[in-house]
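Novice: Give me the fold of what follows.
(chains A and B)
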Protein chains: 2
Amino acid sequence: MIVRLIRVHVRPDAVEAFEEATRLNHQGSIAEPGVLRFDVLRSPSDPGQYVLYEVYATHEATVAHKETAHYTEWKSTVEAMMAAPRESEVLEVVAPVDERAWRVT
Amino acid sequence: MIVRLIRVHVRPDAVEAFEEATRLNHQGSIAEPGVLRFDVLRSPSDPGQYVLYEVYATHEATVAHKETAHYTEWKSTVEAMMAAPRESEVLEVVAPVDERAWRVT
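Specialist: Predicted coordinates for the structure are as follows:
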């Protein structure tokens, strides 16, 4: 499994539109066979700060994700909403090791 | 749901012992009724850097977790392994909204 932790900083006036676009991306993403999780989180104290917690079965799945229509649509839609560039961090899994404990059902 | 993202920086000589202690804490934690996820992640490029991704059903569950034997045992075991103080961030959920899509099974 490969985990990507993405931090997104959205302009205050774009928060609602960002959440709508990101819910669509979430729905498309969890339907991909190689996407195990695609959690969308926000700061309760700092409006506009979001974290995406993306878990992929393989490296190939991370590449396939970026070629999907829902990802490219999301990326172009939210581009103008950013207050700062996205920050991305890659992590590997210590636990749980069973892939079945990761997949959104 | 309440998400806690914890960053832990472990001394290089303590990495193996930290992972062993944290696997035990993971196993105990996912058996708690109010703990939906307790993912343990590490940086592939920066040894000693860990992220815990903890998802709780309620605020009460976050309190109950800190009163468990596995948590107090973990906390005292890893205390001397830290290279820096733990950093904790609280997040709320945008998606998925169904609790069943979160629980480790």
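
Novice: wait, does the helix ranked longest in chain A contact chain B?
Specialist: Identified as the longest helix of chain A according to DSSP state H is helix A:15-30. Yes: Helix A:15-30 lies within reach of chain B by C-beta under 8 Å from any C-beta of the partner chain, at A:19, A:22-23, A:26-27, A:30. Placement of C-beta: from N, CA and C, glycine included.

Novice: so the helix or strand just after that helix versus strand B:35-42, what angle?
Specialist: Sequence order places strand A:35-42 as the next helix or strand after helix A:15-30, per DSSP states H and E. Counting by axes from the mean of the first three to the mean of the last three C-alpha atoms, to 10 degrees, strand A:35-42 lies at 100 degrees to strand B:35-42.

Novice: can you tell if strand A:35-42 touches chain B?
Specialist: Yes: for strand A:35-42, a contact with chain B is found by C-beta under 8 Å from any C-beta, at A:38-42.

Novice: Just put those in JSON lines and tack on distance to residue B:52.
Specialist: As requested, the residues of strand A:35-42 next to chain B are exported to JSON lines (distance: C-beta to C-beta, whole Å):
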{"residue": "A:38", "distance to residue B:52": "19"}
{"residue": "A:39", "distance to residue B:52": "14"}
{"residue": "A:40", "distance to residue B:52": "19"}
{"residue": "A:41", "distance to residue B:52": "14"}
{"residue": "A:42", "distance to residue B:52": "19"}
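
Novice: could I get the residues you listed as TSV with neighbour count and pLDDT?
Specialist: Shown next, in TSV, are the residues of strand A:35-42 next to chain B (neighbours: other C-beta atoms under 10 Å in any protein chain shown; pLDDT from 0 to 100):
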residue	neighbour count	pLDDT
A:38	24	97
A:39	24	98
A:40	24	98
A:41	23	98
A:42	22	98
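
Novice: Kind regards, and thank you for your time.
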